[in-house]
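**Student:** Fold the following for me, if possible:
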Amino acid sequence: MPGIRSTGPAPRPAPAAGKESSLTLDRGLALLQAVADADTEAPTISDLAVAIGASRAAVYRLLVPLQARGLVRREGSKVRLGLGLLQLAAKVAPQLRVAALPVLRELAEAVGATAHLTVADGDEAQAVAVVEPSWTTYHVAYRVGTRHALHRGAAGRAIGLRAEEAPWTKSTGELQPGAHGVAAPVRGVLGLRASVGVVSFEPMAAEAVGPAVVEAARLIAEALR
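**Tutor:** Numbers count the residues shown, from 1 in each chain. Below is the predicted model:
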């Protein structure tokens, strides 16, 4: 006897587990971003549901693993960022340093000046990696962790340089009397506001040093992407 054939539509294949996991991760990250974007006033579950385009029940489910890892905390119906993010943030600077040091070392040796990677932290600039040249008689001692206002010094101002502006900037005596600096922004790394620069007690020809600093910034950006 001939077999019976179904004339109805073929059943849809179940979505792959990997795709479901990816969608869940994306929504979880969107939720975390929505909490961060609230700034001062903690958002409610309802606020977050609207922000990420999900139901309140979905938001509750997404919050469970984020709370378990300390990335968010709940205060009744309100949600705030958790202290676990500080632990993650503490890991950023060492990883930046590892990626930047080989490039900074080459830059310092080539220019004969102290090379550094500086990142924006609020309205301040902070040095997170520093390499001093090995062959100069004397050089600027620039410590990791040094902070200064973003609008002072080549390293700080370079962070804010827009793409249509000059590729690098320079300074003289703004942070330390007699010190000359040249710096360029690190571009194309999501979430990172940073610059690469050199500083020396000897005047530097920015036309010669500037392109070397720009290239170092490009190489560090590549290493971080």
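**Student:** can you give me the strands for this structure?
**Tutor:** 72-75, 78-81, 114-121, 124-131, 147-149, 169-172, 180-186, 194-200 (DSSP state E).
**Student:** Mean neighbour count and mean pLDDT added to the ones you listed, as a markdown table?
**Tutor:** All C-beta atoms are positioned from the backbone trio N, CA, C, and that covers glycine. Formatted as a markdown table, the strands of the chain follow (neighbours: other CB atoms under 10 Å; pLDDT from 0 to 100):
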| stretch | mean neighbour count | mean pLDDT |
| --- | --- | --- |
| strand 72-75 | 16 | 94 |
| strand 78-81 | 18 | 94 |
| strand 114-121 | 24 | 96 |
| strand 124-131 | 21 | 96 |
| strand 147-149 | 14 | 94 |
| strand 169-172 | 20 | 96 |
| strand 180-186 | 27 | 97 |
| strand 194-200 | 29 | 97 |
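**Student:** okay, those in TSV with distance to residue 93 next?
**Tutor:** TSV is the format used below for the strands of the chain (distance: least, CB to CB, whole Å):
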stretch	distance to residue 93
strand 72-75	23
strand 78-81	19
strand 114-121	8
strand 124-131	5
strand 147-149	13
strand 169-172	23
strand 180-186	14
strand 194-200	11
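**Student:** Of all the ones you listed, which one is nearest residue 209?
**Tutor:** strand 180-186 (4.9 Å; CB to CB).
**Student:** Which residues are in contact with residue 115?
**Tutor:** By CB atoms under 8 Å, 6 or more residues apart in numbering, the residues touching residue 115 are 104, 105, 107, 108, 130, 131, 133, 196, 197, 198, 216.
**Student:** What about the residue lying closest to the last one once chain neighbours are set aside, how many residues nearby?
**Tutor:** It refers to residue 216. In space, and not counting its chain neighbours, residue 216 is closest to residue 107: 4.5 Å by CB to CB, 6 or more residues apart in numbering. By other CB atoms under 10 Å, the residues close to residue 107 number 27.
**Student:** Equivalent analysis for residue 46, please.
**Tutor:** Residue 46: 11 surrounding residues under other CB under 10 Å.
**Student:** now the closest residue to it other than its chain neighbours: how far from residue 32?
**Tutor:** Of all residues not flanking residue 46 in the chain, residue 56 sits nearest, at 6.4 Å (CB to CB, 6+ apart). Between residue 56 and residue 32 the computed distance is 17 Å (CB to CB, to the nearest Å).
**Student:** more crowded one of these two?
**Tutor:** Ranked by neighbour count (other CB under 10 Å), residue 56 and residue 32 place residue 32 first, with 21 against 14.
**Student:** so who does the more buried one touch?
**Tutor:** 66, 71, 72.
**Student:** The residue sitting nearest the centre point of the chain: what's it in contact with?
**Tutor:** Centroid-nearest residue in the chain: residue 192, 2.8 Å away (criterion: CA atoms, centre = their mean). Neighbouring residues of residue 192 by CB under 8 Å, 6+ apart: 119, 186, 224.
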